[in-house]
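J.: sequence-free structure coming up:
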């Protein structure tokens, strides 16, 4: 992208938003079709989710995952599948291998192989 870009940035698949946040266009339209991602960003917009709140939430959930392992991951996944809470969506994105969540028609499904790979990585990073 040219340094003197002055148009409107249109991002049809925003995802994490990392491209738009790094480009920092003066005008932008950021879109996505994932209802859970949209709910997460709306919670930020509405002030329900803040940086400090997310930071503390992920630390607490990460400790629980470290202590309980796979059992806790599946507990959060079930909680998300029942309540669709944006913070649980964030946690599952952070806790699954490479942030890859597989959706079935109504729920998140991640097999234990992906979780085991994450737990190995998580123990080395956290």
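T.: Now that the structure is in, tell me what you want to look at. As the structure is a prediction and not an experimental result, all values here were calculated from the model.

J.: could you say what helices and strands whichever strand or helix holds residue 74 packs with?
T.: Residue 74 belongs to helix 70-83 when assigned by DSSP states H and E. Counting contacts by 3 or more CB pairs under 8 Å, 6 or more residues apart in numbering; DSSP states H and E, helix 70-83 is packed against helix 51-68, helix 86-95, strand 108-109, helix 112-125. Placement of C-beta: from N, CA and C, glycine included.

J.: buried stuff in the first one?
T.: Within helix 51-68, the residues that qualify as buried by neighbour count (16 or more other CB atoms under 10 Å) are 54, 58, 61, 62, 64, 65.

J.: surely the first one and residue 90 touch.
T.: This points to residue 54. Yes - Residue 54 is within contact range of residue 90, at 6.8 Å (criterion: CB atoms under 8 Å).

J.: how about residue 3, phi and psi?
T.: Main-chain dihedrals, residue 3, degrees, to the nearest 10: phi -60, psi -30.

J.: that one: how many residues sit nearby?
T.: Residue neighbour count, defined by other CB atoms under 10 Å, stands at 4 for residue 3.

J.: how close does it sit to residue 23?
T.: Per CB to CB, to the nearest Å, residue 3 is found 11 Å from residue 23.

J.: repeat for residue 9
T.: Residue 9 is 6 Å from residue 23, by CB to CB.

J.: give me the below-cutoff pLDDT ranges for the chain.
T.: For the chain, the stretches with pLDDT under 70 are 1, 97-100, 104-126.

J.: 80 instead, please
T.: Along the chain, the model assigns pLDDT under 80 to residues 1-5, 96-126.

J.: roughly how far apart are the residue positioned nearest the centre of it and residue 32?
T.: Taking CA atoms, centre = their mean, the centroid of the chain lies closest to residue 90, which sits 3.3 Å from it. The gap separating residue 90 from residue 32 is 14 Å, by CB to CB.

J.: check residue 19 too.
T.: For residue 19, the distance to residue 32 equals 12 Å [CB to CB].

J.: thank you kindly, that will do.
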